[in-house]
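Participant: okay, sequence plus prediction incoming.
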Amino acid sequence: MSGSIKKPSAPRPCPCHSGRAYAGCCEPAHRGDREPEEAVDLMRSRYAAFAIGDAEYLWSTLHADHDDRAAPRETFLRALRAARGRAYPSLAILDARRRGREAEVLFFAGLTFRGRDASFVELSDFEHDGTGWRYRSGILVARADLGRDPAGLGIDDFLAIAAAR
Ligand SMILES: [Zn+2]
């Protein structure tokens with residue numbers, strides 16, 4: 001019976017790349033146990049939901065005004081579940097600002113699609129609807145089109161880059 005003693009397994013790291021265990025980071029939000037406290041936390045949990053394919057969570061955290069809400073829920077869920085070949089290797093929050101129930105988060109989302117880099121910088125717009133933060137809209141610029149290193153990028157600089165494109 002040698003070798004029957006199992007080592008305790010390491011806690012699963014959170015797919016949002018916070019460096020924390022999933023159980024103590026985005027999992028409670030994904031399970032519906034609690035709402036993320038800040039818009040940045042919601043943003044992280046949405047990135048993590050993309051990484052693990054939690055389409056229900058992505059739908060439930062969309063603001064009622066988001067474009068994707070115009071289509072039926074089933075269409076949204078089916079499209080997300082059909083998305084294959086993506087990997088989510090890194091996430092970096094670049095800048096954030098909040099005014100009351102409104103918040104903006106600028107982030108670099110590491111993403112590969114079928115092995116090719118598909119990373120982008122996005123300025124996401126969130127509103128707290130009284131229950132939790134919800135994702136309303138986003139402005140995306142592919143890393144390849146950014147013309148600079150995303151590190152150190154601020155919201156105003158990003159808006160200038162996005163407007164010039
Ligand atoms: Zn997390």
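Facilitator: Thanks, I have the structure now. Numbers count the residues shown, from 1 in each chain.
Participant: leaving aside the residues next to it on the chain, what's closest to R98?
Facilitator: Leaving aside its chain neighbours, R98 sits nearest to A39 (6.4 Å; criterion: Cβ to Cβ, 6 or more residues apart in numbering). Placement of C-beta: from N, CA and C, glycine included.
Participant: same thing with L153?
Facilitator: Counting by Cβ to Cβ, 6+ apart, the nearest residue to L153 once its immediate chain neighbours are dropped is L94, at 5.0 Å.
Participant: which residues touch that neighbour?
Facilitator: Taking Cβ atoms under 8 Å, 6 or more residues apart in numbering as the contact definition, L94 lies against L106, F107, F108, V121, P150, A151, G152, L153, G154, F158.
Participant: do D125 as well
Facilitator: E102, A103, E104, Y135, R136, S137, G138.
Participant: any idea how far the first one lies from the ion?
Facilitator: Think E102. Using Cβ to the ion, to the nearest Å, E102 is found at 23 Å from the ion.
Participant: ok, and the closest non-adjacent residue to that residue?
Facilitator: Nearest non-adjacent residue to E102, counting by Cβ to Cβ, 6+ apart: E127, 5.7 Å away.
Participant: pLDDT score for A82?
Facilitator: pLDDT for A82: 80.
Participant: A71 too?
Facilitator: 88.
Participant: follow-up on the earlier one: closest one of the contacts of D125 to the ion?
Facilitator: Nearest to the ion, judged by Cβ to the ion, of these is Y135 at 15.7 Å.
Participant: after the helix or strand hosting A96 comes which helix or strand?
Facilitator: Using DSSP states H and E, A96 sits in strand 91-99. As assigned by DSSP H and E, the chain's next helix or strand after strand 91-99 is strand 102-109.
Participant: could you give the mean pLDDT of that next one?
Facilitator: 98.
Participant: could you tell me which residues of the protein lie near the ion?
Facilitator: Proximity of the chain to the ion, by Cβ under 5 Å from the ion, involves residues C14, C16, S18, C25, C26, A48.
Participant: which strands and helices sit next to the strand or helix carrying V141?
Facilitator: For V141, the element it lies in under DSSP H and E is strand 133-142. Applying 3 or more Cβ pairs under 8 Å, 6 or more residues apart in numbering; DSSP states H and E, one finds that strand 133-142 contacts helix 39-52, strand 120-128, helix 155-164.
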